[in-house]
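S.K.: sequence below, structure please.
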Amino acid sequence: MDRLWNVLLALSLIVFAVTLVSSAWIGDDAYITLRTVDNFVNGRGLTWNLAERVQVYTHPLWMFLLTAFYAVSHEAYYTTLFVCIALTMATVLLLAFRIAVSRAVAVFLVASLTLSKSFVDFSTSGLENPLTHFILVVWFVVYFSGNASVRKLFLLSFVTSCAALNRLDTAFLLLPLYTLAVFDHASVLKGHRFKGIAVIAAGFMPLVLWELFSTFYYGFPLPNTFYAKLNTGIPQGDLVQSGAVYLLQSAYFDPLVPLLIGCALAVTIWDRSKFNLAVSLGIILYVIYILRIGGDFMAGRFLTAPYLCALVIIGRSDLLLARPKLLWVWPALLVVGLVSPSAPIYGTRSLQCESTGSFTMDVSDERGCFYNDTGLLKQQKGSPTVPNHGWPRLGLIARTDASPISIMGGIGMFGYFAGPAEYVVDLNALANPLLARLPVPEGKIWRIGHFERLIPGGYLETLLSGQNRICDEGLAQYYDRLSLITRGRLADPERLEAIWQINTGHFDGLLHAYEAIATTDQALLCNAQAVTDIPFAGGSTLRGYAISSNEAGPGDQLVVTLYWQGTPAIKNPLHSFVHIRNSQPDGPLNPRTGSEIWAQDEHIEPGGRLTIDFWPPQVYADPFVLTLPDDTPPGDYFVEAGWLDMETGEQLAPSEEALSPPLRELWHSVLLPSISVR
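M.R.: Sure, this is the predicted structure:
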């Protein structure tokens, strides 16, 4: 009989491995970390945008692990998937051979993982889940190995520290277990209290050292994502409701997860062992935490760790031996996984970016959104980028264009492929230290994990010019202190003082004062050379403009900033554009284009957002960086601005009644004041 179960276990492991590899993919968020990895390996520090030190990743240990392999391969996609797959297989083998009480139970555990969409999906993806899974199983292996000893307490402390270093909120899962482990070692440490404290402190030293380093290097003990996602100003009740929807949606995609977690809790009630009680309490604490933070937009992502802990309870239980009549329960549970249309063993036929017949579109099948472009088995030879997604191609375009700044909502693949020289303004604030500390405007629609901020007036101008041009005086003062922390010399005493002050809330009043006037003209148009009110038919209203200089020479760059205000009437995505056009009669044509246009720039997402997503109260700064060719003839040139509807190919007409000198209309565009080329 043992031989039969060994054969079945081997087959189940093969099926799991095949399912894992065939499902392998990478999500956009993974490339947020990979941009930091690339900068670090190439000597640019632990930075994301080179100009400032900001911790954009929530998983330092995962980042360092990827760094070790990336330093050898200098390749992101296949290297990341290799690390994910290797860790996941190690986790499953440990679970089967070191945790399960028998080969029969091991088969059940491996089958439960194979049929779980959540576990398989996020055992690759490039996120930290595979390392979290591995650390958790190692913790259990250490816990079950041998009697209590000083060495064992040190190892449990060290592994707990690594779990928190990989993802801090894993502490909710392990806190009850670790507390139990400390009490288990009370007899060993009896009369040696200081020795016990020293052992625990030594075990937690990796986490302590990281927090000290993070506070010194980045200026903050927690990652920027913490401030971006938990400093939103959104009512707690709304977040709890979002968290409940997340749990329901995750259960819709992967019903095996809640069923087996429920079974683990039932096993705990049945045997009431201290170990199972501690594991179950950790699962409950973690689920409460998920509810409080509003869940996530990736269905199942946050449930893989508690699911694995639930399987450990089941795998260590002797309930099957004590109650043979309950044997039918376990095959019945696996049948639930088999009949689930989203089970990963069925390949890609059930993948969908947004679910149908479910609770909300805000929680998505993330692998369904990306697999066709980033799946391991979907990569095409000869593609300009790996993965074969559109965002890397946009990043490569940004790498070569004149503008040093891009404004994006999805920053991962774009940021990695745009290269280190491109400063990417993250509208969701994960990678932006200033926006992360601003609340989501009241009344603005948000999606969990995507808390889009409004860019303060003058902030883009500040980034382009290198001078603080933020319109609101209080916010400008706050930015001075913040930029000293993120951009100043590490050991500058003034910087160290600013770190203390900003972390103890010394400057919070400046942020609170800013909230009241965040969407007024005074707070958004202070850098405009002229304030206007020119509506475009079916488009936005031009509220103002600024031109960096009215004189230039061949090869010079001009920065033209347009200030747009959206209207609810916008239906199609529009492109804004600026042209430098020869205004001289019979003037020479551009030999490269055969037209009088000598420089041009257009924005698919003006001000960082599609025009159909413009929030009407907000004024969006839309900066264009144009380079005059070296062979530009001297003379006067028009600066032409307007809108293009890409669906119809037509330009939108500005209101003639709203135009007044020095502004004029040229066809369906506005002529701003001319510039002279010397």
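S.K.: show me where the stretch 1-150 of the chain has its helices.
M.R.: For the stretch 1-150 of the chain, helices defined by DSSP state H, counting those that start in this stretch occupy the ranges 2-23, 30-41, 60-73, 77-94, 103-114, 117-121, 129-143, 150-166.
S.K.: er, the stretch 501-650 of the chain I mean
M.R.: Going by DSSP H, counting those that start in this stretch, the stretch 501-650 of the chain shows helices at 508-515.
S.K.: which residues of it score low on pLDDT?
M.R.: Filtered on pLDDT under 70, the stretch 501-650 of the chain yields the residue ranges 515-522.
S.K.: same thing with the chain?
M.R.: 1, 191, 319-328, 354-361, 515-522.
S.K.: please redo it, this time with the cut-off set to 50
M.R.: Residues of the chain that meet the criterion pLDDT under 50 lie in 355-360.
S.K.: how much space separates P654 from D533?
M.R.: Taking Cβ to Cβ, to the nearest Å as the measure, P654 falls 11 Å from D533. Where you see a C-beta, it was placed from the backbone N, CA and C, and this is true even at glycine.
S.K.: which other helices and strands contact the strand or helix carrying W391?
M.R.: Applying DSSP states H and E as the criterion places W391 in helix 390-400. Applying 3 or more Cβ pairs under 8 Å, 6 or more residues apart in numbering; DSSP states H and E, one finds that helix 390-400 contacts helix 412-418.
S.K.: for the helix it packs on, which positions count as buried?
M.R.: G412, M413, F414, G415, Y416, F417, A418 (16 or more other Cβ atoms under 10 Å).
S.K.: quick revisit: out of P654 and D533, which sits in the busier spot?
M.R.: P654 (25 against 11; other Cβ atoms under 10 Å).
S.K.: can you verify my assumption that L173 contacts P306?
M.R.: Yes - assessed by Cβ atoms under 8 Å, L173 is found in contact with P306 at 6.5 Å.
S.K.: now the common contact residues for P654 and D533.
M.R.: L542 (Cβ atoms under 8 Å, 6 or more residues apart in numbering).
S.K.: contacting residues for E52?
M.R.: P433, S483, T486, R487.
S.K.: separation between S273 and Q565?
M.R.: Counting by Cβ to Cβ, the gap from S273 to Q565 is 63 Å.
S.K.: more neighbours, those two?
M.R.: Q565 (22 against 14).
S.K.: correct me if wrong: the more buried one contacts S540.
M.R.: Yes - the criterion here is Cβ under 8 Å, and Q565 meets it with S540 at 6.0 Å.
S.K.: quickly list what's touching both of these two.
M.R.: F614, Y620.
S.K.: report all helices and strands that the biggest strand by length in the chain contacts.
M.R.: Assignment by DSSP state E gives strand 635-645 as the longest strand of the chain. On a contact count with 3+ Cβ pairs under 8 Å, 6+ apart, strand 635-645 meets strand 541-547, strand 557-565, strand 574-582, strand 650-651, strand 670-677.
S.K.: R495 is nearest to which of the ones you listed?
M.R.: Nearest to R495, of all these, is strand 557-565, at 29.5 Å by Cβ to Cβ.
S.K.: and the closest one, what does it pack against?
M.R.: Counting contacts by 3+ Cβ pairs under 8 Å, 6+ apart, strand 557-565 is packed against helix 459-465, strand 541-547, strand 574-582, strand 619-627, strand 635-645.
S.K.: quick check: the gap between the closest residue to R316 other than its chain neighbours and T648.
M.R.: Nearest residue to R316 in three dimensions, chain neighbours excluded: V101, at 6.1 Å (Cβ to Cβ, 6 or more residues apart in numbering). V101 is 68 Å from T648, where distance means Cβ to Cβ.
S.K.: over to H133?
M.R.: Distance of H133 to T648, given as Cβ to Cβ: 51 Å.
S.K.: more neighbours, the two?
M.R.: H133 (25 against 10).
S.K.: pretty sure that one sits against A90.
M.R.: No - applying Cβ under 8 Å as the test, H133 and A90 come out as separate, 9.3 Å apart.
S.K.: would TSV of the helices and strands packed on strand 635-645 with distance to A251 be doable?
M.R.: Below are the helices and strands packed on strand 635-645 laid out as TSV (distance: least, Cβ to Cβ, whole Å):
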stretch	distance to A251
strand 541-547	46
strand 557-565	42
strand 574-582	40
strand 650-651	48
strand 670-677	53
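S.K.: so where do the helices sit in the stretch 201-350 of the chain?
M.R.: 205-217, 224-230, 236-253, 256-271, 274-293, 304-316, 319-322, 329-339.
S.K.: just say which of the ones you listed is most tucked in.
M.R.: helix 304-316 (a mean of 24; mean count of other Cβ atoms under 10 Å).
S.K.: that one - contacts with which helices or strands?
M.R.: Using 3+ Cβ pairs under 8 Å, 6+ apart, helix 304-316 is in contact with helix 103-114, helix 117-121, helix 129-143, helix 171-184, helix 256-271, helix 274-293.
S.K.: please compute how far the fifth one lies from its chain's middle.
M.R.: Centroid separation between helix 256-271 and its chain, computed with Cα atoms, centre = their mean, to the nearest Å, is 32 Å.
S.K.: what of the first one?
M.R.: The chain centroid and the centroid of helix 103-114 are separated by 33 Å, computed with Cα atoms, centre = their mean.
S.K.: for that helix, which outside residues touch it?
M.R.: 2, 5-6, 8-9, 12-13, 15-16, 19, 92, 95-97, 99-100, 119-120, 256, 260, 311, 314-315, 320, 330, 333-334, 337, 344-345.
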